[in-house]
Each structure stands twice: as structure tokens, then as C-alpha cells.
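Student: Provide a 3D model corresponding to the input given below.
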Amino acid sequence: MHSDLSDRPRRRGPKRTTATLLCAVLAACSAADNLSFAELATELDGIVSVGGEGDARTIVYATEAEVSAWYMRQFWLWPFRWGLGPVFGYRGLDTLENPAGHVRELLVELPDETGSDLVRCAQAATRLGWIAAADRNGHSRVVAMDGLVQTALQAELPLFTRDFAELGATLPDERRAALQRAVEAGRPEARVAAWDETRRTGYAAALVELTRQPLVGWSQQLVLVADLIELHATEPDAELQAVTLDALRAAMVHCVEGILLRATAERDVRFADVRLCAMEQVRRLAGPRGVPLLLAVLQATPQQRARLEPQFDPDPLVSLRLIHYCGQLRGPAALVEVRLPGRESWQAIAPVDFLAQTVLNEQAYYSKLRTPALAALSLSLGRPTIDPDPAWVREWYRERHSRGVRDGG
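Tutor: Numbers count the residues shown, from 1 in each chain. Down below sits the predicted model:
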């Protein structure tokens with residue numbers, strides 16, 4: 001008797017299964033797999049350029065560029081890549097249908113190749129920083145921002161450890177210009193026979209002072225980091241090399257912090273996901289004390305208030321994230337206020353006050369923020385239950401501010 005096999009599931013032969021798995025593996029390979037830091041940096045520099053001037057600079061992508069050959073980036077050809085490269089070439093000219101997507105694949109791999117070396121991390125930070133700050137593509141900015149922070153952590157940069165009142169304090173223009181002139185005069189290639197200990201000491205002091213505070217513009221800060229990388233590479237004096245490295249570390253701190261805070265403060269409706277990413281990084285890096293900092297940064301500037309813009313970012317996802325952060329705080333941490341340079345004292349707001357104002361200012365029936373803010377405030381104050389009636393919030397807020405104290409009672 002012959003059995004009917006038509007209804008039985010067919011088994012794939014070993015060759016067919018192997019071919020299917022191989023295709024899946026090859027499809028999953030990134031354009032950046034197995035590339036070294038130098039290869040990644042070279043490829044990025046061939047595709048990405050920066051156009052414009054000052055803080056109005058933008059990212060420009062080439063649609064045709066030299067990229068690494070496919071056999072140079074496949075993990076399964078790793079043992080042979082150094083033989084294939086000299087024979088068939090390491091790179092080749094290619095037309096990029098999606099240059100931004102190609103660059104994102106390179107950016108994801110870049111921090112993995114920097115290690116903890118400060119100079120290499122700085123080289124990666126300049127490439128990640130331009131895209132994180134200036135790209136028109138929100139996805140690219142998020143990828144670059146995540147990579148920028150990962151690189152900074154690998155370099156063990158002391159991010160958001162200073163007094164927050166100093167974050168926006170910049171050098172006066174005249175002093176900054178004088179320090180930059182002193183650095184230019186002391187560059188290794190500019191030194192002449194008159195170079196002596198006095199000039200050497202002055203040059204070192206100028207490097208230290210120039211990087212003690214951030215520069216006014218984010219683009220200036222990125223340019224400074226790139227310049228310090230070059231100064232370190234050409235510095236023949238061992239002691240001045242160490243001074244330059246310290247200056248580079250300080251400049252990178254200002255650069256990363258500035259990019260994150262600038263992205264947080266943006267209100268462009270196209271970049272809400274960028275703001276959420278920046279907020280998450282600030283909260284993670286600064287810890288609980290980063291929450292009142294975010295409140296300060298997200299508040300409207302005097303210029304924005306003059307244009308009748310709302311006090312805080314109107315995007316509901318940004319507001320919900322901020323409510324979530326404020327609700328995590330307890331006790332004295334929920335009462336801290338941060339006043340940024342250039343802001344009025346009345347603009348400083350504690351997390352509990354932000355939550356209370358959200359509850360009291362939102363409409364009762366259709367608000368998506370009122371109930372989360374009410375729950376967060378209840379948790380922050382340690383109330384045993386969550387009372388949905390906002391009357392208690394109104395009474396608590398009135399009593400708190402009528403006493404003129406910040407005890408959270």
C-alpha cells in the first residue's frame with residue numbers, strides 16, 4: 001500500500017537550509033561590520049560634510065563616495081580581509097541611494113572602535129557631534145547622540161558634575177578672543193626662536209582658561225575640540241602634551257553637555273524624538289539632580305515668552321516624560337530649583353511645583369497630563385493613596401506658597 005505524502009510537511013534538505021541561513025546572515029550584515037576606527041572615520045569623512053556658517057551649519061551628504069568593499073566588512077571573511085584588500089582593493093566608488101542610512105550604520109559601530117583612548121574618543125565625538133547637533137534627520141540625530149554619549153562614557157568624561165549654575169556661563173567675547181590669539185601664537189608650527197619659558201607658561205595657561213568654560217556657540221565648541229586634537233598630535237613637548245590632553249577633556253565635556261542641553265531646549269515639532277533622547281541622556285548622566293535641570297532648560301526663554309509661547313514644551317510626550325521624572329523624586333530632591341544664567345529667579349521651579357501646576361492648569365475631562373501629574377505628585381509627597389480630586393492639590397499648593405517656604409508640606 002502506498003501512503004499519501006501530499007499532506008505531510010516537506011523537509012528542507014541540508015543544502016537548502018544552509019543556503020537560507022547564509023542569505024539571512026548576509027542580509028543582516030551591516031555596512032560597517034569589521035571596519036576599524038580609521039576605516040570608519042575615513043568613510044564618514046568621504047560622505048559627510050558640514051555646510052554653512054556658525055550655528056546655522058547643516059549636514060551635507062554625498063550621494064557618490066568611496067566606501068569599503070563588501071569583502072572588507074563581512075565577518076565571515078575576517079581571516080582573509082587583509083589578503084583580499086591588497087589584491088582587489090580596500091575601497092571602491094559607489095552610488096549611495098540612502099547616504100544618511102549608510103552613515104547611521106557607520107555611526108552605530110564608531111563608539112565600539114574608540115575604546116577609552118581620549119584622543120580617539122575626541123575624534124569620534126567631532127563626527128558624532130556635528131550630526132547630533134545639525135542634521136535635519138531626527139533619526140540620524142538620535143543615533144549620533146547615543147553614540148556621542150557612549151563615547152563620552154568610554155572616555156570617562158565627568159559629565160554634569162559641576163554646579164548647574166555654571167552650565168550656561170561663557171567667556172566674555174573679548175577675553176575669549178585674547179585667549180584664542182595666545183593659543184594661535186603658541187601653536188607648535190608658530191613657535192620661533194623667541195619661544196621661551198615665559199611664552200610656554202602663557203600658552204599653557206591660555207589652553208586651561210580657554211577650556212574652563214564653554215564657548216558661546218555649539219559649533220565653536222566642536223571646532224575647538226577638533227583644533228585641540230590637532231594641537232595634541234603636533235605637540236613635541238611632553239608636558240604641554242599633558243596640558244593639551246586636559247584641555248581636550250574639558251572641551252569635550254562642554255561640547256557633549258552643550259549638545260544635549262541644546263537639543264533638550266529645542267521646540268521644533270519635527271524633533272520631539274530628539275528631545276526625548278536628549279532628556280533621557282541628561283537624566284541618566286546627571287542622576288536625580290538632573291530633573292530640576294531639565295525643568296530649567298525646558299522652560300521658555302524670555303524671548304519665547306515675549307512671543308506668547310507656552311511656559312514648557314507643548315509636546316505631550318515631552319511633558320509626560322518630564323512628569324515621570326519628577327514623580328521619581330522624594331523628599332528634599334523634589335524641592336530643588338535650578339536657575340540658569342540669564343534667567344530670572346522667578347523662573348526657577350521645583351519638581352513638586354511643576355507637577356502641581358500641571359494638575360491645576362490642565363483641563364479636567366480631556367487632559368492626558370492631569371491624571372499622570374496628580375499620581376506623580378502623590379507619590380513624590382509620599383501620600384498613602386492617590387486621590388483623583390484635584391482639590392487637595394489646590395489646597396496644598398496654596399498653603400505651600402502662602403507660607404513662602406519650600407518644605408513640601
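Student: How far does the longest helix seen in the chain sit from its chain's centre?
Tutor: Longest helix in the chain, counting residues (DSSP state H): helix 238-265. Taking Cα atoms, centre = their mean, to the nearest Å, one finds helix 238-265 lying 13 Å from the centre of the chain it belongs to.
Student: model confidence over it, on average?
Tutor: The average pLDDT within helix 238-265 is 97.
Student: Show me what counts as buried in that helix.
Tutor: 240, 243-265 (16 or more other Cβ atoms under 10 Å). (Glycine included, C-beta is placed from N, CA and C.)
Student: Also stretch 319-326?
Tutor: Neighbour-count burial for stretch 319-326 [16+ other Cβ under 10 Å]: 319-323, 325-326.
Student: any low-confidence regions in this protein?
Tutor: 1-33, 69-92, 345-346, 364-365, 404-409 (pLDDT under 70).
Student: would you list every one of the strands in it?
Tutor: Listed in chain order, the strands of the chain (DSSP state E) span 48-51, 58-61, 64-68, 91-95.
Student: Quick one: residues contacting the residue lying closest to Asp315 once chain neighbours are set aside.
Tutor: Counting by Cβ to Cβ, 6 or more residues apart in numbering, Ala272 is the residue found nearest to Asp315 once chain neighbours are left out, at 4.7 Å. Ala272 makes contacts with 315, 317-318, as judged by Cβ atoms under 8 Å, 6 or more residues apart in numbering.
Student: Where neighbours are concerned, which of those residues has the most?
Tutor: Val318 (20 neighbours; other Cβ atoms under 10 Å).
Student: quick one, what contacts it?
Tutor: Counted by Cβ under 8 Å, 6+ apart, Val318 has contacts 272, 275-276, 279, 298.
Student: again with Asp353
Tutor: Each residue near Asp353 by Cβ under 8 Å, 6+ apart is listed here: Tyr397.
Student: Distance-wise, check the residue lying closest to Ala263 once chain neighbours are set aside relative to Ile259.
Tutor: Nearest non-adjacent residue to Ala263, counting by Cβ to Cβ, 6+ apart: Ala278, 3.8 Å away. In this structure, Ala278 and Ile259 are 8 Å apart, going by Cβ to Cβ, to the nearest Å.
Student: what is in contact with these two at once?
Tutor: Met145.
Student: can you count the residues close to the nearest residue to Ala155 once chain neighbours are set aside?
Tutor: Sequence neighbours aside, Cys121 is the residue nearest to Ala155 in space, at 3.9 Å (criterion: Cβ to Cβ, 6+ apart). When neighbours are defined as other Cβ under 10 Å, Cys121 has 25 of them.
Student: The most centrally placed residue in the chain: what's it in contact with?
Tutor: Computing the C-alpha centroid of the chain and ranking residues by Cα atoms, centre = their mean puts Met145 first, at 3.5 Å. Residues near Met145 by Cβ under 8 Å, 6+ apart: 128, 132, 259-260, 263, 274, 277-278, 281.
Student: same deal with Arg120?
Tutor: 37, 113-114.
Student: repeat that with 7 Å
Tutor: Contact analysis of Arg120 by Cβ atoms under 7 Å, 6 or more residues apart in numbering lists 37, 114.
Student: Distance of Gly382 relative to Gly327?
Tutor: From Gly382 over to Gly327 (counting by Cβ to Cβ), the distance is 12 Å.
Student: Between the two, which is the more surrounded one?
Tutor: Gly327 (22 against 10).
Student: how near is the more buried one to Ile131?
Tutor: Applying Cβ to Cβ to Gly327 and Ile131 gives a distance of 33 Å.
Student: Equivalent analysis for Glu280, please.
Tutor: 18 Å.
Student: Looking at these two, which one has more neighbours?
Tutor: For Glu280 and Ile131, the more surrounded residue by other Cβ under 10 Å is Ile131, and the numbers stand at 24 against 17.
Student: Might one say that the more buried one is in contact with Ile59?
Tutor: Yes - Ile131 is in contact with Ile59 according to Cβ atoms under 7 Å; the separation is 5.8 Å.
Student: so which of the strands of the chain comes closest to Thr151?
Tutor: Proximity to Thr151 (Cβ to Cβ) singles out strand 48-51 among these, at 16.4 Å.
Student: ok, now which ones touch the residue lying closest to Gln150 once chain neighbours are set aside?
Tutor: Nearest residue to Gln150, sequence neighbours excluded (Cβ to Cβ, 6+ apart): Pro111, at 4.3 Å. Pro111 is in contact with 124, 147, 150-151, 154, counting by Cβ under 7 Å, 6+ apart.
Student: Could you do Leu360 as well?
Tutor: Leu360 sits next to 390, 393-394, 397 when contact means Cβ under 7 Å, 6+ apart.
Student: Burial check on the residue nearest to Ala263, number of neighbours?
Tutor: Close neighbours of Ala278, defined as other Cβ under 10 Å, add up to 26.
Student: Is it in contact with Glu266, as I believe?
Tutor: No - the pair Ala278 and Glu266 does not pass the contact test of Cβ under 7 Å, sitting 8.4 Å apart.
Student: can I get the contacts of Met145 in TSV with distance to Leu360?
Tutor: As requested, the contacts of Met145 are exported to TSV (distance: Cβ to Cβ, whole Å):
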residue	distance to Leu360
Leu128	41
Ala132	36
Ile259	34
Leu260	30
Ala263	29
Val274	30
Cys277	30
Ala278	28
Gln281	30
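Student: how close does Pro316 sit to Pro372?
Tutor: 10 Å.
Student: Looking at the two, which one has more neighbours?
Tutor: Pro372 (19 against 12).
Student: dump the residue contacts of that one.
Tutor: Contact analysis of Pro372 by Cβ under 7 Å, 6+ apart lists 320, 323.
Student: Report the buried residues of stretch 273-286.
Tutor: For stretch 273-286, the neighbour count (16+ other Cβ under 10 Å) marks 274-283, 285-286 as buried.
Student: Just the closest of these to Leu231, please.
Tutor: Minimum distance to Leu231 across these is 27.3 Å, recorded for Leu285 (Cβ to Cβ).
Student: and that closest one, how far is that from Leu261?
Tutor: Distance of Leu285 to Leu261, computed by Cβ to Cβ: 11 Å.
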